[in-house]
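# Predicted model, plus sequence, below.
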Amino acid sequence: MSKKGQHVVPSADGWSVKKAGSARATSTHQTQAEAIAAATKIARNQKTELYIHGRDGRIRERNSYGNDPIPPKG
């Protein structure tokens, strides 16, 4: 998890929200939807990115709540 922001990742207890570069989970939830809701709130407050990982651990979705360039790149 090298990208800055909040990551929603699978864990032994369900789904965890982790800050990029942190070994410990910020919070753990039974469902991915609950974890996404919690991570979205944190990402909005901190104006960072939200990375949603699938069961395989790969990033499947990403949302930006930071300072997006205008016009957006690409």
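Arrived safely.
# quick one: secondary structure of Lys41?
Secondary structure, DSSP: H, G, I helix; E, B strand; the rest coil: Lys41 is helix.
# tell me the mean pLDDT for stretch 29-43?
Stretch 29-43 shows a mean pLDDT of 97.
# make that stretch 46-58, sorry
95.
# Please save the CA atoms from that stretch in PDB.
Extracted in PDB, the C-alpha atoms of stretch 46-58 (Å, rounded to 0.1, in the frame of the first residue of the first chain):
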ATOM      1  CA  GLN A  46      -8.400  14.500   5.200                       C
ATOM      2  CA  LYS A  47      -8.900  15.400   1.500                       C
ATOM      3  CA  THR A  48      -7.100  12.300   0.300                       C
ATOM      4  CA  GLU A  49      -7.700   9.300  -2.000                       C
ATOM      5  CA  LEU A  50      -9.800   6.200  -1.300                       C
ATOM      6  CA  TYR A  51      -8.600   2.900  -2.600                       C
ATOM      7  CA  ILE A  52     -11.000  -0.100  -2.600                       C
ATOM      8  CA  HIS A  53      -9.400  -3.500  -2.900                       C
ATOM      9  CA  GLY A  54     -11.100  -6.700  -4.000                       C
ATOM     10  CA  ARG A  55     -10.800 -10.000  -2.200                       C
ATOM     11  CA  ASP A  56      -7.600 -10.700  -4.200                       C
ATOM     12  CA  GLY A  57      -6.000  -7.600  -2.600                       C
ATOM     13  CA  ARG A  58      -5.800  -5.700  -5.900                       C
END
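# Other residues contacting that stretch?
1, 3-10, 32, 36, 39-40, 42-43, 59-67 (C-beta atoms under 8 Å, 6 or more residues apart in numbering). C-beta coordinates here come from the backbone N, C-alpha and C atoms, glycine included.
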